[in-house]
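Chemist: below are the sequence and a predicted model; questions follow.
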Amino acid sequence: MKGLYYLFAAYTAVWVAIFAYLLSIGRRARRLEQEIEELRRS
Amino acid sequence: MWTIVRKDLAIELRTGEMASSMFLLALLMVLIFAFTLEPERLAGPEFLAGLSWTTLLVAGTLALNRSFVLEREAGGLTGLALAPIDRGSIYLGKAIGNFLLLLVAGVVLLPLIAILLGTRGLAPTMVLPLVLLLGVVGIAAIGTLCAAIASRTRAREVLLPILMFPLLAPLLIGATRATAGALVGESAGELQSWLLMLAGFDIVFATSGWLSFDYILEE
Amino acid sequence: MSESRRTWQDTILPWTTCVAMLAALFMVFVLVPSERDQGIVQRIFYFHVNLAWMAFGGFLLVSCASFWFLRTGSRRADRLAHANAEVGMLYTTLVLVTGPIWARPIWGVWWTWDPRLTMTVVLWAIYASYLMLRRLGGEDDTILRYAAVLGIVGSLDIPLLILAVRLWRGVHPAVMLAKDEDAGLKDPLMGWTLMVSAIALGLLFTWLVSLRARLLEVDEHVAAIHLEGVRT
């Protein structure tokens, strides 16, 4: 059963990392979109 | 190319500030290792080899840092780049200068550290100078290239080791093992794989440094 | 032309990645039998091994893109190099995280200096130095060229690294045998699971790179707009 914890930890790490990266890309993309809007307005 | 070498050497011989600061830094590092790691534990040819290369690398980084900074600040690099010489020769000139400096440092440091650590049972063979040579060529080759790259950034002193050290991993692994072997009397035949690897390393990186300088100096 | 290509990457790629990933996870957790000696923890292997292959392959992509950039000056090549480096680093980090998690229950230690782990750490360092150069290099255009040189030189280093580490730490120390399941994959289903995971992780890599590269492109546009604004 102890093995299950390790297995869970490993795959969780993988998913957390991937999602964190995706989120950071998303955040930066949104910020850039805002900037473009502002530039377009001015 | 040789003009560059001569110029750098002339500067060095006149002031001697680079060599002395390198030497002092290396010495201080040995002290730090002795204080933090128990000098008795540092006996044995492996430690001698490891410590020598470590200190040589760190002290050498100091020298490499400076190899392009003077030019950058005085604008000499643009002048060199515009001059009708092969860009690759600039690289070679700088690299040879660095190589000589590192070689001298290594020749001085190794026996010195051997004495400080009190390593026993040493039977150095003729392979030892060869290993030193091969190792120093590698450090000079990669170090000169990385120094040129880093010198253009603002955080150049920090960036140089960051760029150099990972690339030097194979060299450090090989040079240390081969040095340790050469110190206890292993022959060139026994150390053959390491020597070949080091030679390969040197050829690959000296060539890439030489070839890539066209892209580096395109101002 | 590039507009339609982007749409293709927008729709097909994420969905195929998703499907492949679900398939892989299903196989890893449900379908494939547990390995006899290592038990359930061994399932980490299916992702860990593929992550490692792609981590190394990723740097090869960085160097190819870098070479393309130096040859043609194509900004797209530079963006691809940058994106591949980031995703490659992500994968390398995951190798270094999943590796110890797998090693701990099997070998009892979190870390050993076995050849593959050692190589991976240095690979991580090479990625890190490349990304550091790009970050600390500032807005300078020349830095892009320098980064490309670094990308190529780095990948030249990797075979030498593998050679040196193998000479140093040996190719098959006893402790490695437990990990060399490639040789001992009893059930053919294990081979399939490995392959499906490879496809899933490969598609994921490609998708992440395309996302990141697109972000970089937008970034450059915005920067260019700013620059024009400053001039007028």
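Modeler: Arrived safely, thanks for sending.
Chemist: relative to residue B:211, how far out is residue B:58?
Modeler: Relative to residue B:211, residue B:58 is positioned 28 Å away (Cβ to Cβ, to the nearest Å). For the C-beta atoms, the positions are set from N, CA and C on the backbone; glycine is no exception.
Chemist: middle-most residue in chain B, spatially?
Modeler: Centroid-nearest residue in chain B: residue B:139, 3.9 Å away (criterion: Cα atoms, centre = their mean).
Chemist: that one contacts residue B:60, correct?
Modeler: Yes - with contact defined as Cβ atoms under 8 Å, residue B:139 reaches residue B:60; the gap is 5.8 Å.
Chemist: what's the overlap in contacts for the two?
Modeler: residue B:102 (Cβ atoms under 8 Å, 6 or more residues apart in numbering or on different chains).
Chemist: write out the residues of chain C neighbouring chain A.
Modeler: Contacts of chain C with chain A, taken as Cβ under 8 Å from any Cβ of the partner chain, map to C:38-41, C:43-44, C:47-48, C:51, C:86-87, C:90, C:93-94, C:97-98, C:101-102, C:104-105, C:204, C:208, C:211-212, C:215, C:218-219, C:222, C:225-226, C:229.
Chemist: test my guess that residue B:153 contacts residue B:162.
Modeler: No - judged on Cβ under 8 Å, residue B:153 makes no contact with residue B:162 at a distance of 10.5 Å.
Chemist: of the two, which one has the most company?
Modeler: A count of neighbours by other Cβ atoms under 10 Å in any protein chain shown puts residue B:153 above the other of residue B:153 and residue B:162, at 22 against 18.
Chemist: mind listing what the more buried one touches?
Modeler: Residue B:153 neighbours (Cβ under 8 Å, 6+ apart): B:159, C:133, C:136-138, C:140, C:143.
Chemist: ok, the residue most central in space within chain A to residue C:77 distance?
Modeler: In chain A, the centroid-proximal residue (Cα atoms, centre = their mean) is residue A:23; its distance is 2.3 Å. Applying Cβ to Cβ, the value for residue A:23 to residue C:77 is 27 Å.
Chemist: can you list the low-confidence ranges for chain B?
Modeler: By pLDDT under 70, the weakly predicted segments of chain B are B:1, B:4-6, B:8-15, B:70-86, B:218-219.
Chemist: please identify the residues of it in proximity to chain A?
Modeler: Near chain A, when you scan chain B using Cβ under 8 Å from any Cβ, you find nothing.
Chemist: just to revisit the earlier point, buried subset of the contacts of residue B:153?
Modeler: By neighbour count, with 16 or more other Cβ atoms under 10 Å in any protein chain shown, these hold B:159, C:133, C:136-137, C:143 as buried.
Chemist: nearest to residue C:57 among these?
Modeler: Nearest to residue C:57 among the buried ones among the contacts of residue B:153 is residue C:133, at 21.1 Å by Cβ to Cβ.
Chemist: contacts only, for that closest one.
Modeler: B:149-150, B:153, B:159, B:162-163, C:143, C:146-147, C:150.
Chemist: sec struct for it, please.
Modeler: Secondary structure, DSSP: H, G, I helix; E, B strand; the rest coil: residue C:133 is helix.
Chemist: next: the one 5 residues further on.
Modeler: With three-state DSSP as the basis, the three-state label of residue C:138 is coil.
Chemist: from chain B, how far out is it?
Modeler: Noted for residue C:138: a distance of 6 Å to chain B, by Cβ to the nearest Cβ, to the nearest Å.
Chemist: now do that residue, the pLDDT please.
Modeler: Note for residue C:138: predicted pLDDT of 70.
Chemist: gap between stretch B:57-66 and the chain center?
Modeler: Stretch B:57-66 sits 7 Å away from the centroid of its parent chain (Cα atoms, centre = their mean, to the nearest Å).
Chemist: if you count neighbours, what's buried in stretch B:21-30?
Modeler: Buried positions in stretch B:21-30, judged by neighbour count with 16+ other Cβ under 10 Å: B:22-23, B:25-27, B:29-30.
Chemist: and for stretch A:12-25?
Modeler: By neighbour count on 16+ other Cβ under 10 Å, the buried set for stretch A:12-25 is A:13-14, A:17-18, A:21, A:25.
Chemist: over to stretch B:92-109?
Modeler: Residues of stretch B:92-109 classed as buried: B:92-103, B:105-106, B:109 (neighbour count, 16+ other Cβ under 10 Å).
Chemist: over to stretch B:62-72?
Modeler: Across stretch B:62-72, burial judged by 16+ other Cβ under 10 Å covers B:62-68, B:71.
Chemist: the residues you listed in helices, which ones?
Modeler: The members of the buried residues of stretch B:62-72 that map onto helices under DSSP state H are B:62-68, B:71.
Chemist: of all the residues you listed, which comes closest to residue B:118?
Modeler: Nearest to residue B:118, judged by Cβ to Cβ, of these is residue B:62 at 26.9 Å.
Chemist: that closest one contacts residue B:25, correct?
Modeler: Yes - if you go by Cβ under 8 Å, residue B:62 and residue B:25 touch, sitting 6.0 Å apart.
Chemist: right, and the helix or strand after the helix or strand bottoming out on mean pLDDT in chain C?
Modeler: Ranked by mean pLDDT, DSSP states H and E, the helix or strand of chain C with the weakest confidence is helix C:174-177, at a mean of 42. Where DSSP states H and E defines the elements, the next helix or strand beyond helix C:174-177 is helix C:188-231.
Chemist: now that next one: average pLDDT?
Modeler: Helix C:188-231 comes out with an average pLDDT of 86.
Chemist: tell me which strands and helices that helix is in contact with?
Modeler: With contacts defined as 3 or more Cβ pairs under 8 Å, 6 or more residues apart in numbering or on different chains; DSSP states H and E, the packing partners of helix C:188-231 are helix A:2-41, helix C:2-26, helix C:44-72, helix C:75-107.
Chemist: any idea which of the ones you listed scores lowest on pLDDT?
Modeler: Mean pLDDT per stretch puts helix C:2-26 lowest among the helices and strands packed on helix C:188-231, at a mean of 77.
Chemist: which residues sit in contact with the residue in chain A positioned nearest to chain B?
Modeler: Minimum separation of chain A from chain B (Cβ to the nearest Cβ) falls at residue A:17, amounting to 21.4 Å. Counting by Cβ under 8 Å, 6+ apart, residue A:17 touches C:90, C:93-94, C:97.
Chemist: close to chain C: what parts of chain B are there?
Modeler: B:142, B:145, B:149-150, B:152-155, B:158-159, B:162-163, B:165-167, B:169-171, B:173-174, B:177, B:193-194, B:197, B:200-201, B:204-205, B:208, B:212, B:215-216, B:218-219.
Chemist: please repeat the previous calculation with a cut-off of 6 Å.
Modeler: Neighbours of chain C within chain B, by Cβ under 6 Å from any Cβ of the partner chain: B:149, B:153, B:155, B:159, B:162-163, B:166-167, B:169-170, B:173-174, B:193, B:197, B:201, B:204, B:208, B:212, B:215.
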